[in-house]
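>>> sequence-free structure coming up:
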C-alpha cells in the first residue's frame with residue numbers, strides 16, 4: 001500500500017484556536033488520522049489508527065485527561 005501523501009490531506013484545526021497555536025487533524029487515505037502542530041506544518045506528523053483516535057476522543061469526553069491541564 002502506498003504511503004499517505006501528507007501534502008494532499010484536508011487539515012483542520014479547532015475554530016476555538018484564537019492565536020493559531022493549535023493542533024491540526026486530517027483523515028488519512030489509509031483510514032487513520034494524522035495530527036500535527038499548526039505552528040510547524042512541515043514538522044513531524046503523528047499517525048493513529050481510527051480505533052486509537054476514537055479511543056482517545058472517548059477518553060476526552062469522559063474527562064480521563066482533565067488532570068493534565
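Yep, it's here. The model shown is predicted, which means the values in this text are computed figures rather than measured ones.
>>> pairing partners for the lowest-mean-pLDDT helix or strand in the chain, with directions?
Every helix and strand in the chain was compared by mean pLDDT, DSSP states H and E; the lowest is strand 12-13, with a mean of 90. Applying DSSP bridges, strand 12-13 is found paired with strand 23-27 (antiparallel).
>>> what comes up buried for the partner strand?
For strand 23-27, the neighbour count (16 or more other CB atoms under 10 Å) marks 24, 25, 26, 27 as buried. In short, each C-beta sits where N, CA and C put it, glycine included.
>>> show the average pLDDT along it.
Taken as a whole, strand 23-27 carries a mean pLDDT of 93.
>>> ok, and what's touching it?
With contacts defined as CB atoms under 8 Å, 6 or more residues apart in numbering, strand 23-27 is touched by 9, 10, 11, 12, 13, 33, 34, 35, 36, 37, 38, 41.
>>> are any of the residues you listed buried, and if so which?
Neighbour-count burial (16+ other CB under 10 Å) is assigned, among those, to 9, 11, 33, 34, 35, 36, 38.
>>> just the closest of these to residue 55, please.
Distances from residue 55 to the buried ones among the contacts of strand 23-27, taken as CB to CB, are shortest for residue 33 (11.3 Å).
>>> what helix or strand is residue 35 on?
Using DSSP states H and E, residue 35 maps to strand 33-37.
>>> what average pLDDT does the next helix or strand after that strand get?
Downstream of strand 33-37, the next assigned helix or strand under DSSP H and E is strand 46-48. Mean per-residue pLDDT for strand 46-48: 95.
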